[in-house]
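K.L.:
coordinates for the following, if possible.
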Amino acid sequence: MKLNTLFISLAALAGSLLAGPAETLAQVNLKSISVGASYWKPSLDYWNERSGLLDYNAGKGATFSGAVMPSAAIEVGLTKGLSVGGRVGYWKSSVAGDVTTGGITRSETLDLSIIPVSLDLKYTFAPSAPSSTTATATDEPKTPFLTPYIGLSVARYFISNDFSRQVTGASGSLSETQAGSNTGLQVFVGAEKKLVKKLFLALDVRYHLGSYNQVVRTETSSTTEKVSLSGLEAGLSLKFKLN
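P.N.:
From the prediction side, this is the model:
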């Protein structure tokens, strides 16, 4: 399924819910806001497997690793168990190394930053109802130990590369920035636990599915390489529930 088609389908689903009866509209509310931190290791296969980074440090190479990504999110309840939300994060990693050719040494640094902005469609599983043989009209609903959820996201990835080169013994030092964006998907599962009134701790695990095109320039040519953003992300967030 094309990403545009999926996005339209999600929008249509949300629209149909909002266009429903008054009972459904009454359930639409700002449900929570949250802040968190997670560890994400995107593949970045071009940079780590086929790029000039492999020549760094006398052929030992240099690769991007995973990094901690802070994030913030909001969630809007639609109907019982179903909600939509928005989430934004900031991920950054750097590589550096020296390359020596013909007696000339180049010291290069590449900083890569990624801002994923996602629209989440989420289903939260309702806690089990109390047994009819023990429940009474005055019983307080029990808070479950964990409340699990699953979901699907359409995401926009905003990518920025900051590259610098310092040349020893010749000209050729430079500094340049490239920026762009592309669309991808995320699937996620998680669970949340109540800490105190209205404050919850959530464990979220999601898998990113996406890529972007990187323009690679040399002195004589320019090519376009596909860079994978696919990879696992896992982290914790503090969630303040408004409703």
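K.L.:
which strand residues bridge the residue nearest to the spatial centre of the chain?
P.N.:
For the chain, the residue nearest the mean C-alpha position is Pro116 (4.8 Å; C-alpha atoms, centre = their mean). Beta-bridge pairing of Pro116 under DSSP bridges involves Tyr157.
K.L.:
swap in Val205?
P.N.:
Val205 has these beta-bridge partners by DSSP bridges: Val189, Ala234.
K.L.:
separation between the residue nearest to the centre of the chain and Pro42?
P.N.:
Distance, Pro116 to Pro42, using C-beta to C-beta, to the nearest Å: 10 Å. All C-beta atoms are positioned from the backbone trio N, CA, C, and that covers glycine.
K.L.:
what sits in contact with each of the two?
P.N.:
Counting by C-beta atoms under 8 Å, 6 or more residues apart in numbering, the shared contacts of Pro116 and Pro42 are Trp91, His208.
K.L.:
picking that back up, was I right to think the residue nearest to the centre of the chain contacts Ile159?
P.N.:
No - with contact defined as C-beta atoms under 8 Å, Pro116 does not reach Ile159; the gap is 9.8 Å.
K.L.:
hmm, back to that, list the residues that contact the residue nearest to the centre of the chain.
P.N.:
Applying C-beta under 8 Å, 6+ apart to Pro116 gives the contacts Arg87, Val88, Gly89, Trp91, Ala155, Arg156, Tyr157, Phe158, Gly184, Gln186, His208.
K.L.:
low pLDDT regions in this structure?
P.N.:
Residues of the chain that meet the criterion pLDDT under 70 lie in 1-27, 128-141.
K.L.:
what about the strands in it?
P.N.:
For the chain, strands defined by DSSP state E occupy the ranges 29-40, 67-79, 82-89, 91-101, 104-124, 147-168, 174-196, 199-209, 211-217, 222-228, 231-241.
K.L.:
for Ala58, which of those is the nearest?
P.N.:
strand 91-101 (7.6 Å; C-beta to C-beta).
K.L.:
what angle do the closest one and strand 104-124 make?
P.N.:
Counting by axes from the mean of the first three to the mean of the last three C-alpha atoms, to 10 degrees, strand 91-101 lies at 160 degrees to strand 104-124.
K.L.:
just checking: what are the partner strands of strand 91-101?
P.N.:
strand 104-124 (antiparallel).
K.L.:
which residues are in contact with stretch 169-185?
P.N.:
Against stretch 169-185 from outside (C-beta under 8 Å, 6+ apart): 3, 6, 103-106, 116, 152-167, 208-215, 229.
K.L.:
got the contact list for Thr220?
P.N.:
Thr220 touches nothing, counting by C-beta under 8 Å, 6+ apart.
K.L.:
from Gly97, how far off is it?
P.N.:
According to C-beta to C-beta, Thr220 stands 23 Å off from Gly97.
K.L.:
before we move on, back to that, Throw together a PyMOL command that grabs the buried residues out of the contacts of Pro116.
P.N.:
Buried residues among these (16 or more other C-beta atoms under 10 Å), as a PyMOL selection:
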select buried, resi 87+88+89+91+155+157+158+184+186+208
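K.L.:
any chance of the contacts of Pro116 in a markdown table, plus distance to Gly235?
P.N.:
A markdown table is the format used below for those (distance: C-beta to C-beta, whole Å):
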| residue | distance to Gly235 |
| --- | --- |
| Arg87 | 11 |
| Val88 | 14 |
| Gly89 | 9 |
| Trp91 | 11 |
| Ala155 | 16 |
| Arg156 | 20 |
| Tyr157 | 17 |
| Phe158 | 20 |
| Gly184 | 18 |
| Gln186 | 13 |
| His208 | 13 |
